[in-house]
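>>> Prediction below, plus the sequence it came from.
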Amino acid sequence: MGVFIIIVPDAYLAFRANGIKRKLSSQLPYLLDMMGVCVQTGMTIESSMTYLAQEMIGFDVDMAHMLKRTNERAHMVGLEQAIEELYIRVPTPEFRSFVMTLSQSLRYGSSIYETLTRLAMDIREIQILGLEEKIGKLSAKMSIPLIVFIMFPIVILTAAPGVMRMM
């Protein structure tokens, strides 16, 4: 019983954490588009993160919380270190690309708007490829129920009259 009390809450928390990471990764292209629009209008990356953290509360609380924490850490340790910590909190390939893009932009002063929109398009393409892969695997998964529930009954229905005559 004691082992159950220790393992189940940890498993539940791990399940929830993975769900939030997947959700944040899937919503990242929308955040990138909105951040790109903010940067295009003249805001800095820091101010756009502050603005989006306030505005995202109505749409996605998890994304707003993540932006708020990153923004708070940016005020304490600097933006570059804060976005590195963001990757540690959400270790997904999408966030790694986001962190690398922002780091490169901060380090070399490159234009961020085009980079953010291109990154959003690339992440969407990767998500679409993942969905296509899942769809491709679906046919193999459907073959077992197809054989069990359709093929065997048809074989039995066609073979039953012949077996009955032989008896």
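It's in. Remember, it's a predicted structure, so these values are computed and weren't measured experimentally. Numbering: from 1, shown residues only.
>>> Can you report phi and psi for Ser26?
phi -70, psi -30 (degrees, to the nearest 10).
>>> confidence score at it?
What the model reports as pLDDT for Ser26 is 89.
>>> Correct me if wrong: it contacts Ile126.
No - using C-beta atoms under 8 Å as the test, Ser26 is too far from Ile126 to be in contact (10.8 Å). Every C-beta, even on glycine, is put in place using the N, C-alpha and C of the backbone.
>>> And the strand or helix carrying Asp10, what's buried?
Using DSSP states H and E, the element containing Asp10 is helix 2-40. Of all the residues in helix 2-40, those buried under the rule 16 or more other C-beta atoms under 10 Å are 21, 24-25, 27-36, 38-39.
>>> My guess is Glu85 contacts Arg73. True?
Yes - between Glu85 and Arg73 there is a contact under C-beta under 8 Å: 5.7 Å.
>>> where exactly do the helices run in this structure?
Using DSSP state H, the helices found in the chain span residues 2-40, 45-55, 61-77, 79-89, 93-108, 112-146, 152-166.
>>> mind listing what's buried in the fifth one?
Right, helix 93-108. Glu94, Phe95, Ser97, Phe98, Val99, Thr101, Leu102, Ser105.
>>> can you check the fourth one too?
Of all the residues in helix 79-89, those buried under the rule 16+ other C-beta under 10 Å are Leu79, Ala82, Ile83, Glu85, Leu86, Tyr87.
>>> Also stretch 66-76?
Met66, Leu67, Lys68, Thr70, Asn71, Arg73, Ala74.
>>> Give me the mean pLDDT for that stretch.
What stretch 66-76 shows for mean pLDDT is 91.
>>> Centre of the chain to that stretch, how far?
21 Å (C-alpha atoms, centre = their mean, to the nearest Å).
>>> Equivalent analysis for stretch 5-22, please.
Worked out by C-alpha atoms, centre = their mean, stretch 5-22 lies 17 Å from the chain centre.
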